[in-house]
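> coords please:
(one chain, ligands or ions: 1)
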Amino acid sequence: MPYLPSSQRYQSMEYRRCGKSGIKLPAVSLGLWHNFGHVDNYENCRRIIHLAFDSGITHFDLANNYGPPPGSAEENFGKILKQDLLGHRDELIISSKAGYYMWEGPYGEWGSKKYLVSSLDQSLKRMGLEYVDIFYHHRPDRETPLEEIMSALDLIVRQGKALYVGISNYKAEEAKAAIEILKQLGTPCLIHQPKYSMFDRWVEGGLLDVLEQNGVGCIPFSPLAQGLLTNRYLNGIPDDSRAGKPDGFLKPEHITEARIQQIRRLNEIAKKRGQSLAQMALSWILKDKRITSVLIGASKPEQLSDSLQCLHNTEFAANELTEIDAILK
Ligand SMILES: NC(=O)c1ccc[n+]([C@@H]2O[C@H](COP(=O)([O-])OP(=O)(O)OC[C@H]3O[C@@H](n4cnc5c(N)ncnc54)[C@H](OP(=O)(O)O)[C@@H]3O)[C@@H](O)[C@H]2O)c1
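Sure, this is the predicted structure:
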């Protein structure tokens with residue numbers, strides 16, 4: 001079926017400025033780490049992307065290694081772009097990354113200029129794009145000089161292969177140093193992509209302050225703790241869930257009895273707020289104005305519809321926050 005985007009697509013989404021840049025991102029962005037590889041159903045991938053775009057999600061996040069197999073999420077996304085969205089390229093913020101293992105030999109992972117430039121060239125080919133909007137260094141590389149990594153990002157922007165650059169998984173001090181080098185090179189760091197959810201609050205210990213002080217945006221990944229902070233595992237591990245599938249990064253051993261107890265108690269608070277647990281987990285992150293966007297995943301269009309409702313209630317009463325903190329201790 002040919003896809004015709006909804007004419008209402010910009011009516012309900014909130015857009016937040018990314019740090020002190022000119023770019024605004026949707027408060028909810030979609031990531032293609034899981035559920036968009038060649039192992040997944042292509043028509044389902046298409047439906048999720050259509051619903052996202054129809055709902056005002058303008059930002060799609062990829063990386064060289066997303067799949068499985070690695071690279072296949074970029075291939076599928078490229079196919080969907082060509083089939084359905086190419087006339088809308090200028091409405092989209094598409095990101096990719098390099099840092100994890102992609103190919104054999106010494107130049108296929110980490111942070112050398114050789115790897116980052118070659119990897120982005122491969123990503124552009126897979127997606128059929130001339131440029132990405134944001135290119136990230138995916139994880140810190142403590143063996144390659146930070147100056148080389150940042151000068152590779154600067155080069156990529158000067159070559160016109162990316163409009164903006166970002167860093168991911170950098171700790172507060174590492175991020176501060178990277179941001180400073182990029183500033184000196186004349187290619188400011190647009191955004192940082194850290195892991196952040198109710199179950200993993202490390203960014204509150206300094207990173208968010210560094211980003212705010214330097215005018216850099218923040219887009220937390222896995223805000224639903226890969227599905228733990230949803231109704232998915234309230235009654236066991238479904239076969240079609242991330243923890244139930246062989247390729248998922250969430251493993252059954254992560255779903256301990258203590259976790260389930262926490263999830264059930266959080267679910268009770270969500271119910272009182274008139275939200276699903278997924279919605280509350282996302283609202284809880286978005287309550288902080290330093291957050292530009294929450295970067296979610298979805299295996300079905302229905303999950304995306306549910307998660308998007310988080311935008312209707314991002315205020316928390318003091319007693320709700322105290323109750324949540326007590327559960328998370
Ligand atoms: N920079 C990095 O190092 C890094 C690392 C990880 C992720 N990321 C980025 O962050 C994106 C999101 O990561 P993530 O997929 O782990 O995020 P997540 O939003 O924490 O988890 C997504 C999973 O939660 C479940 N889910 C989502 N909405 C739901 C709902 N409303 N109700 C019930 N279940 C729901 C689904 O699980 P089921 O599949 O079980 O249905 C879905 O696959 C990635 O795609 C990627 O772009 C970046």
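> what about the strands in the protein?
15-17, 24-26, 28-31, 59-61, 93-98, 132-137, 162-168, 189-193, 217-218, 294-296 (DSSP state E).
> out of those strands, flag the one nearest the ligand.
strand 28-31 (2.2 Å; C-beta to the nearest ligand atom). C-beta coordinates here come from the backbone N, C-alpha and C atoms, glycine included.
> direction included, what does the closest one pair against?
strand 59-61 (parallel), strand 294-296 (parallel) (DSSP bridges).
> do it and the ligand meet at all?
Yes: using C-beta under 6 Å from any ligand atom, strand 28-31 reaches the ligand at G31.
> try stretch 108-118
No: shown here: stretch 108-118 not in contact with the ligand (C-beta under 6 Å from any ligand atom), separated by at least 13.4 Å.
> stretch 212-223 too?
Yes: with C-beta under 6 Å from any ligand atom as the criterion, the ligand is reached by stretch 212-223 at 221-223.
> in ChimeraX, select just the buried ones from those residues.
Buried subset of these, written as a ChimeraX selection, criterion 16 or more other C-beta atoms under 10 Å:
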select :221,222,223
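> using CSV, list the CA coordinates for stretch 168-188.
Output of stretch 168-188 as CSV, limited to C-alpha atoms (Å, rounded to 0.1, in the frame of the first residue of the first chain):
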residue,chain,number,x,y,z
SER,A,168,27.4,8.8,23.4
ASN,A,169,28.2,6.9,26.6
TYR,A,170,30.9,9.4,27.6
LYS,A,171,31.2,10.0,31.4
ALA,A,172,30.8,13.6,32.7
GLU,A,173,34.6,14.4,32.7
GLU,A,174,35.2,12.7,29.3
ALA,A,175,32.2,14.6,27.8
LYS,A,176,33.5,17.9,29.2
ALA,A,177,36.9,17.4,27.5
ALA,A,178,35.3,16.3,24.2
ILE,A,179,33.0,19.3,24.2
GLU,A,180,35.9,21.6,24.8
ILE,A,181,37.9,20.2,21.9
LEU,A,182,35.0,20.4,19.5
LYS,A,183,34.4,24.0,20.5
GLN,A,184,38.0,24.8,19.7
LEU,A,185,37.7,23.1,16.3
GLY,A,186,34.6,25.1,15.5
THR,A,187,32.2,22.2,15.3
PRO,A,188,30.2,22.4,18.5
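> who's in contact with the residue nearest the centre of the chain?
With distances taken as C-alpha atoms, centre = their mean, the residue of the chain nearest its centroid is L295 (3.5 Å). L295 is in contact with 29-31, 61, 193, 219-223, counting by C-beta atoms under 8 Å, 6 or more residues apart in numbering.
> what does the stretch 201-329 of the chain put close to the ligand?
221-227, 230-232, 241-242, 278, 295-299, 303, 306-307.
> next, the buried residues of stretch 193-211.
Neighbour count says stretch 193-211 has 193-199, 203, 207-208, 210-211 buried, by 16+ other C-beta under 10 Å.
> distance-wise, check the residue nearest to the centre of the chain relative to L321.
23 Å (C-beta to C-beta, to the nearest Å).
> ditto for A243
28 Å.
> what about these two, which has more around it?
A243 (19 against 12; other C-beta atoms under 10 Å).
> correct me if wrong: that one contacts P252.
Yes: using C-beta atoms under 8 Å, A243 is in contact with P252, at 5.3 Å.
> residues touching the closest residue to the ligand within the stretch 151-300 of the chain, list them.
Residue of the stretch 151-300 of the chain nearest the ligand, by C-beta to the nearest ligand atom: G297 (2.2 Å). By C-beta under 8 Å, 6+ apart, G297 lies in contact with 30-35, 222, 224, 226-227.
> list residues touching both of A243 and P252?
I237.
> name the nearest residue to Y233, ignoring sequence neighbours.
I255 (5.3 Å; C-beta to C-beta, 6 or more residues apart in numbering).
> confirm for me that that neighbour is in contact with A243.
Yes: I255 is within contact range of A243, at 5.9 Å (criterion: C-beta under 8 Å).
> what touches both of these two?
Common neighbours of I255 and A243 (C-beta under 8 Å, 6+ apart) are 233, 237.
> quick one, helices of the chain?
Applying DSSP state H to the chain gives helices spanning 42-54, 72-80, 113-127, 146-158, 172-185, 207-213, 257-272, 277-286, 301-308, 318-328.
> take the ones you listed and lay them out in JSON lines including mean pLDDT.
As requested, the helices of the chain are arranged in JSON lines below (pLDDT from 0 to 100):
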{"stretch": "helix 42-54", "mean pLDDT": "98"}
{"stretch": "helix 72-80", "mean pLDDT": "98"}
{"stretch": "helix 113-127", "mean pLDDT": "98"}
{"stretch": "helix 146-158", "mean pLDDT": "98"}
{"stretch": "helix 172-185", "mean pLDDT": "98"}
{"stretch": "helix 207-213", "mean pLDDT": "98"}
{"stretch": "helix 257-272", "mean pLDDT": "97"}
{"stretch": "helix 277-286", "mean pLDDT": "98"}
{"stretch": "helix 301-308", "mean pLDDT": "98"}
{"stretch": "helix 318-328", "mean pLDDT": "98"}
